[in-house]
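Trainee: model this:
(chains A and B)
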2 protein chains.
Amino acid sequence: MDKNAPIGIFDSGVGGLTVAREVMRQLPDERIVYFGDTARLPYGTKSQDTVIRFSEQIMRFLRSKGVKAIVIACNTASSYALDALRRSEDIPIIGVINAGARAAVSATKNGRIGVIGTDGTINSKAYSSVLKSMNPAVEVFGKACPLFVPLVEEGLLHDTVTDEIASRYLSVLKEKYIDTLVMGCTHYPLIRSTIARTMGDEVTLVNPAYETAVQLRTLLRSMEMDCDGDQEVRVEEKYQFYVSDMAEKFSSFAGFILPGKVKDTMLIDIEKY
Amino acid sequence: MDKNAPIGIFDSGVGGLTVAREVMRQLPDERIVYFGDTARLPYGTKSQDTVIRFSEQIMRFLRSKGVKAIVIACNTASSYALDALRRSEDIPIIGVINAGARAAVSATKNGRIGVIGTDGTINSKAYSSVLKSMNPAVEVFGKACPLFVPLVEEGLLHDTVTDEIASRYLSVLKEKYIDTLVMGCTHYPLIRSTIARTMGDEVTLVNPAYETAVQLRTLLRSMEMDCDGDQEVRVEEKYQFYVSDMAEKFSSFAGFILPGKVKDTMLIDIEKY
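Mentor: Residues are numbered from 1 along each chain as shown, chains lettered A, B, ... in the order given. Below is the predicted model of the structure:
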């Protein structure tokens, strides 16, 4: 495998760009191929079988681009499809869930950890089982927050309605006296300040996007698969973006999250893979 | 074509069940095959090309069930795909948009009509062009309300948050002195009371689901294609429900909207059609 091959990152849409941003920050020499499944988002309301099938198609597409490692930036795909993909693939695959869970287990002092995410992520109890496999003594309290994603996408990042919905969703977690809260959906760091204010200073917020980039860097170095940094590549070659629909809308949102990094977004028919 | 063949109804998910309910009420002898594209919902955020491709797959599936007519219950598919489907098919196809527009043109007295819907429905200006083709003198004011669907799906049908969001979305329409408002998304009749209270008594609300069933009945009678009512069929044969994902969740929601009418929901792979 070529050390200078790109890293594949995929998500159901734009949310995984927060993971791509962390990878760019922490591994600035690495090339990235990003895929957002904008024709079939969101994944959070879909069944495990469907999410696995979609993820396998995406994996075939990313392999066709010669990637050396895969980051599943989507929490739902991470919880539903990581094991299936690892069984069938021979390159390293990192999911945001394991990375987030590891950081939460390190951060908690009282062993009471909250997890917020989509219906799919919370109902799958994926965080809960990973957290307990890392430390059987922790207690995990999950809470689905299905309105957070549409509120973020509507741009209500600092708004009384978002405050009110956050207060309703998070009150059950406050009553559990958690000291650590995993933001188990890629959109949630964008309303981090609302979540932090609602939970209070005594609760540590874990951002799995950040932790995923940390884990990827460690893994590539341990395998001596990190790129040698000698490549001369232009931005448009270094960072490639593919979507299954709405390429222009994706480009404009991506340009907002990753200024100067998104030259062009290419449209592909993912159902052909 | 067999007069006793079923009517095909499709939507991106459960929303079209409000249309199916009206068809059942107004045409109680007709058989129905319903398809909800739950693996790929929502359509409102997707491009015209993608929505046409999805609709063509669904059309092939419904034709395989021998339907005599098609109702496009999804506003986005109705605005993006109706013309393309009519060009390639030889059976009657009714979209919710035309039916809703006809009723709005009849209802308005001051010629100022508002339309609310998803981004896709509003950005396509489909209602606007159909309304103006029926009466060039009307003025049409569209407003996308992207949070209404997630609020309905979260069950906040009578809630201060829904009141607040409705007040923000609808204030621009109130300022335009519209006297008629088309609820251009299948979910919206479920928050009809909030919308009516926000708009006030002087505004007539148009429910395209109701109007679509009226138009379907008129069309079938004029073609002498309405069923003869002599069939003896059990409910599970009369009303058939198919989805592309989450059949159980669909059944439970459908049972809520259509008590006693949904015996079973079958899962199909729509991408194969």
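Trainee: where along chain A do the strands fall?
Mentor: A:7-11, A:32-36, A:69-72, A:93-95, A:112-117, A:139-144, A:180-183, A:204-206, A:239-243, A:265-267 (DSSP state E).
Trainee: Remind me what the third one packs against, helices and strands.
Mentor: Using 3 or more Cβ pairs under 8 Å, 6 or more residues apart in numbering or on different chains; DSSP states H and E as the contact criterion, the elements in contact with strand A:69-72 are strand A:7-11, helix A:48-64, helix A:75-88, strand A:93-95, helix A:208-222. The C-beta positions use only the backbone N, C-alpha and C, and glycine is treated the same way.
Trainee: how about a cut-off of 6 Å?
Mentor: When contacts are defined as 3 or more Cβ pairs under 6 Å, 6 or more residues apart in numbering or on different chains; DSSP states H and E, strand A:69-72 sits against strand A:7-11, strand A:93-95.
Trainee: Give the pairing partners of the first one; include direction for each.
Mentor: According to DSSP bridges, the neighbouring strands of strand A:7-11, each with its direction, are strand A:32-36 (parallel), strand A:69-72 (parallel).
Trainee: next one: the shortest one
Mentor: Next to strand A:93-95 in the sheet, as set by DSSP bridges, lie strand A:69-72 (parallel).
Trainee: Quick one: the helices in the stretch 101-250 of chain A, in order.
Mentor: A:119-123, A:126-134, A:148-153, A:160-174, A:192-199, A:208-222, A:235-238, A:247-257 (DSSP state H, counting those that start in this stretch).
Trainee: need the ones you listed in a markdown table with mean neighbour count and mean pLDDT, can you?
Mentor: Shown next, in a markdown table, are these (neighbours: other Cβ atoms under 10 Å in any protein chain shown; pLDDT from 0 to 100):
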| stretch | mean neighbour count | mean pLDDT |
| --- | --- | --- |
| helix A:119-123 | 22 | 83 |
| helix A:126-134 | 20 | 94 |
| helix A:148-153 | 22 | 90 |
| helix A:160-174 | 17 | 98 |
| helix A:192-199 | 17 | 97 |
| helix A:208-222 | 19 | 95 |
| helix A:235-238 | 13 | 82 |
| helix A:247-257 | 16 | 86 |
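Trainee: Could you point out which of these sits nearest chain B?
Mentor: Across the helices of the stretch 101-250 of chain A, chain B has its closest neighbour in helix A:148-153 (4.3 Å, Cβ to the nearest Cβ).
Trainee: Contacts (any at all) between chain B and the closest one?
Mentor: Yes. Helix A:148-153 reaches chain B (Cβ under 6 Å from any Cβ of the partner chain) through A:Pro150.
Trainee: quick one: that helix to chain centroid distance?
Mentor: Distance of helix A:148-153 from its chain centroid, counting by Cα atoms, centre = their mean, to the nearest Å, is 16 Å.
Trainee: Return the residues of chain A in contact with chain B.
Mentor: Residues of chain A lying near chain B (Cβ under 6 Å from any Cβ): A:39-40, A:46-47, A:50, A:146-147, A:150, A:154, A:161, A:164, A:245-246, A:271.
Trainee: how near is the nearest residue in space to A:Gly15 that is not next to it in sequence to A:Pro208?
Mentor: Excluding its sequence neighbours, the residue lying closest to A:Gly15 (Cβ to Cβ, 6 or more residues apart in numbering or on different chains) is A:Thr186, at 3.2 Å. To A:Pro208, A:Thr186 is 8 Å away according to Cβ to Cβ, to the nearest Å.
Trainee: same check, this time on A:Gln48
Mentor: Distance, A:Gln48 to A:Pro208, by Cβ to Cβ: 20 Å.
Trainee: cool, and A:Ile32?
Mentor: From A:Ile32 to A:Pro208 the distance is 18 Å (Cβ to Cβ).
Trainee: Using PDB, list the CA coordinates for stretch A:114-124.
Mentor: The C-alpha trace of stretch A:114-124 is given here as PDB (Å, rounded to 0.1, in the frame of the first residue of the first chain):
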ATOM      1  CA  GLY A 114     -24.300  10.800  28.600                       C
ATOM      2  CA  VAL A 115     -24.600  10.300  24.900                       C
ATOM      3  CA  ILE A 116     -26.800  12.400  22.500                       C
ATOM      4  CA  GLY A 117     -27.400  11.500  18.800                       C
ATOM      5  CA  THR A 118     -29.900  10.600  16.200                       C
ATOM      6  CA  ASP A 119     -32.600   7.900  16.800                       C
ATOM      7  CA  GLY A 120     -30.400   5.500  14.900                       C
ATOM      8  CA  THR A 121     -27.300   6.100  16.900                       C
ATOM      9  CA  ILE A 122     -29.100   6.000  20.300                       C
ATOM     10  CA  ASN A 123     -31.400   3.100  19.500                       C
ATOM     11  CA  SER A 124     -28.500   1.000  18.300                       C
END
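Trainee: what's that stretch in contact with?
Mentor: Stretch A:114-124 is contacted from outside by A:44, A:75-76, A:79, A:127, A:141-146, A:173, A:178, A:181-182, A:184-185, using Cβ atoms under 6 Å, 6 or more residues apart in numbering or on different chains.
Trainee: how about 7 Å then?
Mentor: By Cβ atoms under 7 Å, 6 or more residues apart in numbering or on different chains, the residues outside stretch A:114-124 that reach it are A:43-46, A:75-76, A:79-80, A:127, A:140-146, A:173, A:176, A:178, A:181-185, A:188.
Trainee: Pull out the buried residues from those.
Mentor: By neighbour count, with 16 or more other Cβ atoms under 10 Å in any protein chain shown, those hold A:43-46, A:75-76, A:79-80, A:127, A:140-146, A:173, A:178, A:181-185, A:188 as buried.
Trainee: So A:Tyr169 is in contact with A:Gly142, correct?
Mentor: No. With contact defined as Cβ atoms under 7 Å, A:Tyr169 does not reach A:Gly142; the gap is 11.4 Å.
Trainee: Tell me how chain A divides into domains.
Mentor: For chain A, automatic domain parsing gives the domain ranges A:7-95+A:210-272, A:97-207.
Trainee: So for B:Ala104, which of these sits nearest?
Mentor: For B:Ala104, the closest of the domains of chain A is domain A:97-207, at 26.3 Å, according to Cβ to Cβ.
Trainee: now do the same end-to-end measure for that closest one.
Mentor: Domain A:97-207 has its terminal residues 10 Å apart, counting by Cα to Cα, to the nearest Å.
Trainee: so how far is it from its chain's centroid?
Mentor: Mean C-alpha position of domain A:97-207 versus that of the full chain (Cα atoms, centre = their mean) differs by 14 Å.
Trainee: Ignoring the adjacent residues along the chain, who's closest to the residue in the stretch 151-273 of chain A that chain B sits nearest to?
Mentor: Residue nearest to chain B within the stretch 151-273 of chain A: A:Asp245 (4.8 Å; Cβ to the nearest Cβ). Leaving aside its sequence neighbours, A:Asp245 sits nearest to A:Ala39 (Cβ to Cβ, 6+ apart; 3.7 Å).
Trainee: Could you do A:Arg25 as well?
Mentor: Closest residue to A:Arg25 apart from its sequence neighbours, by Cβ to Cβ, 6+ apart: A:Ala213 at 7.0 Å.
Trainee: returning to what we had before: as TSV, the helices and strands packed on strand A:69-72 with mean neighbour count and mean pLDDT would be great.
Mentor: Formatted as TSV, those follow (neighbours: other Cβ under 10 Å; pLDDT from 0 to 100):
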stretch	mean neighbour count	mean pLDDT
strand A:7-11	26	98
strand A:93-95	23	95
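Trainee: Mind putting the ones you listed into CSV with distance to A:Met24?
Mentor: Listed next are the helices and strands packed on strand A:69-72 as CSV, based on distance: least, Cβ to Cβ, whole Å:
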stretch, distance to A:Met24
strand A:7-11, 10
strand A:93-95, 16
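Trainee: Quick one: closest of those strands to B:Ala5.
Mentor: B:Ala5 lies closest, by Cβ to Cβ, to one member of the helices and strands packed on strand A:69-72: strand A:7-11, at 42.9 Å.
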